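> Generate a structure from the sequence data that follows.
(2 chains)
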Amino acid sequence: MSELVVAEATIKPQRRLTRGQLIWRRFLRNKTAVFGAAGIIFLVLLALLGPHLLYWKFDDIDTGAFLAPPDSAHLLGTTQAGRDVLALTVRGLSKSLLIGFLVALMSTSIAALVGASAAYLGGWYERAMLWIIDLLLVIPSFFLIAVASRGAPEGDASWLILVVLLAAFAWPLSARVVRSMTLSIREREYVLAAKFMGLSAFRIIVRHILPNASSLLIIDAALGVGYAILSETGLSYFGFGVQAPDTSLGTLIGEGSTMATTFPWIFLGPATVLVFLVMCVNAVGDGLRDALDPSSASGGRA
Amino acid sequence: MSIQPLKTRRTQAGQTVLSVRDLHVTFPSEAGLVRAVRGLSFDLAAGETMAIVGESGSGKSVTSLAVMGLHPPTTRITGSIKLHGEELLGQNDDQLSNLRGRDMAMIFQDPLSALTPVYTVGDQIVEAIQAHYDVSNAKAWQRAIELLDLVGIPNPQTRVKSFPFEFSGGMRQRVMIAMAIANDPDVIIADEPTTALDVTIQAQVLEVLKTAQKETGAAIIMITHDLGVVASMSERVVVMYAGRPVETGSVDDIFYQPRMPYTIGLLGTVPRLDQSTHGALPVLEGNPPSVVELPPGCPFVPRCPKAVDRCKASEPELEATDSPTHTAACHRLAELEGQGHAELFPPPELTTSELAELPREQRPVVLELTDLKRHYPLMKGAIYRRRVGTVYAVDGIDLDLRQGETLGLVGESGCGKSTTLLEILNLGKPTAGAVKVQGRDTSTLTRHERKELRRNLQVVFQDPMASLDPRLPIFDIIAEPMQVHGYKQADIELRVRDLLRLVGLEPGHADRYPQHFSGGQRQRIGIARALSLEPKVMVLDEPVSALDVSIQAGVINLLDDLQGKLGLSYVFVAHDLAVIRHIADRVAVMYLGKIVEIGDVERVYNDPAHPYTQALLSAIPIPDPNTERTRQRIVLSGDLPSPANPPSGCKFRTRCFRYAVLDEASQARCRDEVPDLVQRVGDQSAACHFAGPVRADELATR
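Take a look at the predicted model:
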């Protein structure tokens, strides 16, 4: 065994791999994750370039085809108003991608930082944070958003407010879970060791505590993407975010699902894209988790 | 203290009760087939104690599970296990359940998890009896009380109704023993029964085990890695390595005429409590092999100094040596006669510093504690929290550490060693007293000064797995302190390589994760990280106690060598007093938050003055069967009192054997007056009103 190790070391080039390179290599070894990443890139490209390549614009109305099933003119059929479902899906995709990723990123980051810092620092800070978390958990978010919506500006940028509001109500539950994980991680000796080296609390949280809670954070973010895209529909009702004639995947699915049995194509196109997106995100999330966790066997040897 | 046997024995003393022939245990794993036991044979005579010794992964625990039939269902077992001539292999679980607890019993390592927390200990003992014998409740409870009395539980009539959490670890292990002997088993398997216990408690439990054996006449299989326990308990020994028995024989044969190089090395690498061994320890290089996909040949070849080509080609069988009962598995048995570990495993050269020449008084003080106290409030209540008491974790200790010296800090768990370390490392303000690192009082530091001072003070923890962040490659782990303190990236690259080489690791492995290293190697990584800032003082918190015996010596030598090279000062905390004797220059013995004895290590070990030090030294089994047979052991009664409610006056008096024989006036002095550390001859102080060597009359009363 020991001879084997020595032989391997001499063959190995002297160049040391950095941590980023190690994680990248382990990620690339996971075929599903690479496929997921390719899928996300494809969807992003579709959202960016799609509107320029397609014949129909999303707000064009084809007066000759209301609720037409898929054919050569409209690949995915048309809606009641005679709008092309494919064009709408591509348009909706760009909004939903932005909303989904931004909300997931924001809510998971807030959850990670608040949860970990509350547990690590303790004391009054922890109590105050827990109080805020509990408050946010018990207040009905739709009610609060409805109240807050009264004074909100309207217009093109209003979807950004939507992102902030969605993120603001998505983080508390995860923050509680992160906090309880941190409570056990902060007792480990490597955290103590880092403290005795002179690392600041913030660096300990970012470098030692959060990576060791990363499995949870990654799953949380991956689920958050799907959650944000779907709940955006509900909030749009209050006059936020995506307003007609603009559209989003959530809106399309919401409208299409009422007619799912009679005119399934309105619903099937956007729903397939959403399912594909969530699957890709989860695949990337799993790959990232295995790449970050050296004890995971599926990442292979470092 | 005698109990009625429940049954008549099927075997007389001297007859074979358990016979194991060519036992092979294999189970599947992710990495491949694990051949955990490969060809183990032994006969266990009635009433005999046999020890199975080996390092982790040697197959000793798997053997015990296979004998009990407690192995997982995917395990493949071949060979033969016969109890009273009746084959056990192939019997189904119901048939084995009949035997388990009645004819064979097991004592597990962890007394915390071996008892069901929701039933009283009486319930559990009664259940064990009634599972096999149709006896009335009243009789079974009566027997439970007798058993608890036998294993030395005070007030058994009331304690029988107590729940496991109401007992301390040592008391729980006694309950386990009571349960094991409840049905007069013929064979008791004790799997590391005292490893989780403190030394004074270990001594108590081993005594109880001996009493239990005397009462029931059961044969004991003692599974342990502690050679001292082997020497004190067993008559016969089986040494296992990589799943194979490599040497068997009487305890004297194994300890005085070991023939297999592994046994020789193992015995040589253990520091001795009763001998002053300075310089390097002999080292068994390398690690035990993994038992997955073993190469052909003797598994010890990579670590064996005497290996020849034949050893790589075929695995040696056990052969009789000078006496037919002493067998060893080695191709070069004949040539190894009379060879000791000094010839086979010559100790490496260590660097000694010129500092060691300088008398202690002339060296600068690097760490000083004056009347250090750390008290924790005991709070109660959920909404209105009020203070209901105080835990006196550290209650006034003074010590100083000079450059280039090693101070050993010993004591049982709960004595305040860890709190003392944390107080030093926190560089904060203690409850009372002062910590001075290199002359700087830590309670007055600014944040920046504290960070600067941390450079000089680094720590190595006990558990080499828990102290390294599993998510970071070891380069990042070792580089981290330097990044915090603003080293240049190019310097860090070079320095990490140097540090890895310094602690005996391959610099090319810097991009591997901690899990790819063995325990000893991980501890070296921890040491490299601590050294990266070139500290003056290293705090070592049980740095070798989680390591296997053969690995331990290498780490101790490394620490010794580094001290010589770099002029480091160590605060070395350990519960293993033999290790302290080997590595430390001075030793401080702690009891309930106070230092009871401090001084030069040779003086304290050769002539301990405080009764607690005497008891502690006496409690540790020495890996030498002859010494063990003639030694008179001081066994302390009871457990460590709670630090929230310490006894008045001298804190040790509740367990003190000297206090017990004092006259009334002297006892009153111990009760009322707190003893101070008083200097005796030379560098040795003890905190006892009646300090002095153990007298015969003190032992006689026990």
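> and residue B:491, what element?
helix B:489-502 (DSSP states H and E).
> Can you tell me what sits against the next helix or strand after that helix?
Using DSSP H and E, the next helix or strand after helix B:489-502 towards the C-terminus is helix B:519-531. Helix B:519-531 is contacted from outside by A:193, A:197, B:287, B:458-461, B:464-465, B:467-468, B:474, B:477-478, B:480-481, B:496, B:499-500, B:502-505, B:514, B:517, B:538, B:543-544, B:546-548, B:551-552, B:554-555, B:558-559, B:562, B:566, using C-beta atoms under 8 Å, 6 or more residues apart in numbering or on different chains. Heads up, the C-betas are built off the backbone N, CA and C, glycines and all.
> For ChimeraX, write a command that selects the buried ones of those residues.
To isolate the buried subset of the contacts of helix B:519-531 in ChimeraX, counting by 16 or more other C-beta atoms under 10 Å in any protein chain shown, use the following:
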select /A:193,197 /B:287,458,459,460,461,464,465,467,468,474,477,478,480,481,496,499,500,502,503,504,505,514,517,538,543,544,546,547,548,551,552,554,555,558,559,562,566
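> For the stretch 551-700 of chain B, give me the ranges with low pLDDT.
Low-confidence segments of the stretch 551-700 of chain B (pLDDT under 70): B:700.
> Please, where are all the strands along it?
Here the stretch 551-700 of chain B has its strands, by DSSP state E, counting those that start in this stretch, at B:569-573, B:586-591, B:594-600, B:678-679, B:684-686.
> ok, residue B:639 touching residue B:201?
Yes: taking C-beta atoms under 8 Å as the definition, residue B:639 is a contact partner of residue B:201 at 7.1 Å.
> now the strands for chain A?
In chain A, no strands are defined using DSSP state E.
> Just the CA trace of stretch A:85-100, in CSV.
C-alpha atoms of stretch A:85-100 as CSV (Å, rounded to 0.1, in the frame of the first residue of the first chain):
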residue,chain,number,x,y,z
VAL,A,85,-47.1,29.6,-26.9
LEU,A,86,-43.5,29.0,-28.0
ALA,A,87,-42.8,32.8,-28.1
LEU,A,88,-44.6,33.3,-24.7
THR,A,89,-42.6,30.4,-23.2
VAL,A,90,-39.3,31.8,-24.3
ARG,A,91,-40.3,35.2,-23.1
GLY,A,92,-41.5,33.8,-19.8
LEU,A,93,-38.4,31.8,-19.4
SER,A,94,-36.1,34.8,-19.3
LYS,A,95,-38.1,36.4,-16.5
SER,A,96,-38.5,33.2,-14.6
LEU,A,97,-34.8,32.4,-14.8
LEU,A,98,-33.9,35.8,-13.4
ILE,A,99,-36.5,35.6,-10.7
GLY,A,100,-35.8,31.9,-9.8
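> Nearest the geometric middle of the chain, what residue?
Defaulting to chain A. residue A:225 (3.2 Å; C-alpha atoms, centre = their mean).
> Chain B, not that one
Nearest to chain B centroid, counting by C-alpha atoms, centre = their mean: residue B:195, 5.5 Å.
> which residues touch it?
Listed by C-beta under 8 Å, 6+ apart, the contact partners of residue B:195 are B:109, B:224-226.
> so who does the residue of the stretch 301-450 of chain B found nearest chain A touch?
Nearest to chain A in the stretch 301-450 of chain B, going by C-beta to the nearest C-beta, is residue B:425, at a distance of 5.0 Å. In this structure, residue B:425 makes contact with A:196, B:457, B:459, B:539, judged by C-beta under 8 Å, 6+ apart.
> Please produce TSV containing those, extended by secondary structure, pLDDT and distance to residue B:432.
Listed next are the contacts of residue B:425 as TSV, based on DSSP: H, G, I helix; E, B strand; the rest coil; pLDDT from 0 to 100; distance: C-beta to C-beta, whole Å:
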residue	secondary structure	pLDDT	distance to residue B:432
A:196	helix	86	23
B:457	strand	88	21
B:459	strand	89	23
B:539	strand	91	21
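> any low-confidence regions in the chain?
Since you didn't name a chain, this refers to chain A. Answering for chain A: the residues below the bar, that is pLDDT under 70, span A:1-15, A:145-158, A:233-244, A:296-302.
> not quite, I wanted chain B
In chain B (pLDDT under 70), the answer is B:1-13, B:381-383, B:700-702.
> Skipping its backbone neighbours, what lies nearest residue 28 in space?
In the absence of a named chain, this looks at chain A. residue A:34 (6.2 Å; C-beta to C-beta, 6 or more residues apart in numbering or on different chains).
> I was after chain B.
Leaving aside its chain neighbours, residue B:28 sits nearest to residue B:74 (5.8 Å; criterion: C-beta to C-beta, 6+ apart).
> before we move on, what about residue B:33?
residue B:26 (5.6 Å).
> Could you tell me which strands sit next to the helix or strand where that neighbour lies in the sheet, and their orientation?
Per DSSP H and E: residue B:26 is located in strand B:16-29. If you go by DSSP bridges, strand B:16-29 pairs up with strand B:32-45 (antiparallel), strand B:76-83 (antiparallel).
> Tell me which residues of the longest one come out buried.
Using 16+ other C-beta under 10 Å as the burial criterion, the residues of strand B:32-45 that qualify are B:34-42, B:44-45.
> Format the CA atom coordinates belonging to it as CSV.
Extracted as CSV, the C-alpha positions of strand B:32-45 are listed here (Å, rounded to 0.1, in the frame of the first residue of the first chain):
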residue,chain,number,x,y,z
GLY,B,32,-14.4,-4.9,-1.7
LEU,B,33,-14.5,-8.0,0.5
VAL,B,34,-13.3,-7.3,4.1
ARG,B,35,-11.5,-10.3,5.4
ALA,B,36,-11.7,-9.3,9.0
VAL,B,37,-10.6,-12.5,10.6
ARG,B,38,-8.5,-15.1,8.8
GLY,B,39,-7.8,-18.4,10.5
LEU,B,40,-8.2,-17.8,14.2
SER,B,41,-8.1,-20.9,16.5
PHE,B,42,-8.0,-21.1,20.3
ASP,B,43,-9.3,-23.1,23.2
LEU,B,44,-10.6,-21.4,26.2
ALA,B,45,-10.4,-23.4,29.5
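> who's in contact with it?
B:13-28, B:50, B:59, B:62-63, B:66, B:79, B:187, B:219, B:221, B:238, B:240, B:242-245, B:248, B:291-294.
> Next secondary structure after it?
Trace forward from strand B:32-45 with DSSP H and E and the next one is strand B:49-53.
> Could you name the helices and strands sitting against the next helix or strand after that following strand?
Downstream of strand B:49-53, the next assigned helix or strand under DSSP H and E is helix B:60-68. Contact analysis of helix B:60-68 by 3 or more C-beta pairs under 8 Å, 6 or more residues apart in numbering or on different chains; DSSP states H and E lists strand B:16-29, strand B:32-45, strand B:49-53, strand B:76-83, strand B:104-107, strand B:187-191, strand B:219-224 as its packing neighbours.
> export these to TSV and tack on distance to residue A:144?
Below are the helices and strands packed on helix B:60-68 laid out as TSV (distance: least, C-beta to C-beta, whole Å):
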stretch	distance to residue A:144
strand B:16-29	53
strand B:32-45	58
strand B:49-53	67
strand B:76-83	63
strand B:104-107	60
strand B:187-191	59
strand B:219-224	63
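> what about the strands in the stretch 201-350 of chain B?
Under DSSP E, counting those that start in this stretch, the stretch 201-350 of chain B gives strands at B:219-224, B:236-241, B:244-250, B:319-320, B:327-328.
> Could you say which one of the ones you listed comes nearest to residue B:592?
For these, proximity to residue B:592 was assessed by C-beta to C-beta; strand B:219-224 is nearest, at 29.1 Å.
> Contacts for the closest one, please.
Counting by C-beta under 8 Å, 6+ apart, B:17-18, B:44-53, B:60-61, B:63-64, B:67, B:186-195, B:209, B:213, B:229-230, B:233-234 sit against strand B:219-224.
> Alongside chain A, which residues does the stretch 351-500 of chain B contribute?
B:425, B:450-451, B:454-455, B:457-459, B:461-463, B:466-473, B:475-476, B:480-481, B:484-485, B:493 (C-beta under 8 Å from any C-beta of the partner chain).
> Among those, name the ones in helices.
B:425, B:450-451, B:454, B:475-476, B:480-481, B:484, B:493 (DSSP state H).
> Since that was my last question, I'll sign off now.
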